[in-house]
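S.K.: only geometry, no sequence info:
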């Protein structure tokens, strides 16, 4: 591998910026972000430097992805995960499900209690007492089963919400963790399913 100490200063700065963004934000920068941060006039200039770093074996580039630039060897590290971001989930009243792929993030596996299958962006404040805030990305482990008391992503009448599951004496409720919100009573005959269980979150400044 090409030694970093032999890189021209501008190229070394670009490599350092890519590494810092992945470490600090959990995702690689775009070419536009590289250009802005490293004093380059155009995305084309940033691309030229990135391709040179790739030829030197210092970064890997995935064609067709806006954030497809990552430090070399990242995929081989067991403590890093590539997790898709799929739309949003309500922490309040349920909102319409949006399962479209919004992004893909590279994250430290130690952020999660179990390996998440995907992330959803939280909209609302009904789970603040569990430390889940508006704008957070919640990790979801896909499963149709959940225990009483677990925080789940549930589908109710075609809409997604994140709540604490409560099962008792044949009743099923979805409990908010904010006194401003009332529990959701799941009635017999409603279209209800547990989509997955909460396994951690990412909060980006």
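M.R.: Received it, and whenever you're ready, just let me know what you need. The shown structure was predicted, so the numbers you read here are calculated from the model rather than taken from an experiment. Numbering: from 1, shown residues only.

S.K.: got any ranges where this structure has weak pLDDT?
M.R.: Under the criterion pLDDT under 70, the flagged ranges of the chain are 1-5, 24-26, 73-78, 93-100, 205.

S.K.: change it to 90
M.R.: The chain contains residues with pLDDT under 90 at 1-9, 16-30, 60-115, 158-159, 168-171, 188-189, 202-205.

S.K.: Now do the longest helix belonging to it: which elements does it pack against?
M.R.: In the chain, ranked by residue count with DSSP state H as the criterion, the top helix is helix 9-25. On a contact count with 3 or more C-beta pairs under 8 Å, 6 or more residues apart in numbering; DSSP states H and E, helix 9-25 meets helix 31-37, helix 43-55, strand 69-71. C-betas here are computed from N, CA, C, even on glycine.

S.K.: what angle do it and helix 43-55 make?
M.R.: Per axes from the mean of the first three to the mean of the last three C-alpha atoms, to 10 degrees, the angle that helix 9-25 makes with helix 43-55 is 90 degrees.

S.K.: Bridged to the residue most central in space within the chain, which residues?
M.R.: When C-alpha atoms, centre = their mean is applied to the chain, the residue found nearest the centroid is residue 119 (4.4 Å). Counting by DSSP bridges, residue 119 is bridged to residue 85, residue 139.

S.K.: Residue 71 too?
M.R.: Beta-bridge partners of residue 71, as defined by DSSP bridges: residue 59.

S.K.: Domain-wise, how is this protein divided?
M.R.: 4-76, 80-202 (automatic domain parsing).

S.K.: what about residue 131, how many neighbours?
M.R.: The local packing of residue 131 (other C-beta atoms under 10 Å) involves 10 other residues.

S.K.: likewise residue 182?
M.R.: 11.

S.K.: got the contact list for the spatially closest residue to it that is not a sequence neighbour?
M.R.: Distances taken as C-beta to C-beta, 6 or more residues apart in numbering place residue 176 nearest to residue 182, at 7.5 Å, with adjacent residues excluded. By C-beta atoms under 8 Å, 6 or more residues apart in numbering, the contact list for residue 176 reads 91-92, 126-127, 163-164, 182-184.

S.K.: Make sure residue 137 is actually in contact with residue 201.
M.R.: Yes: between residue 137 and residue 201 a contact is recorded at 6.2 Å, counting by C-beta atoms under 8 Å.
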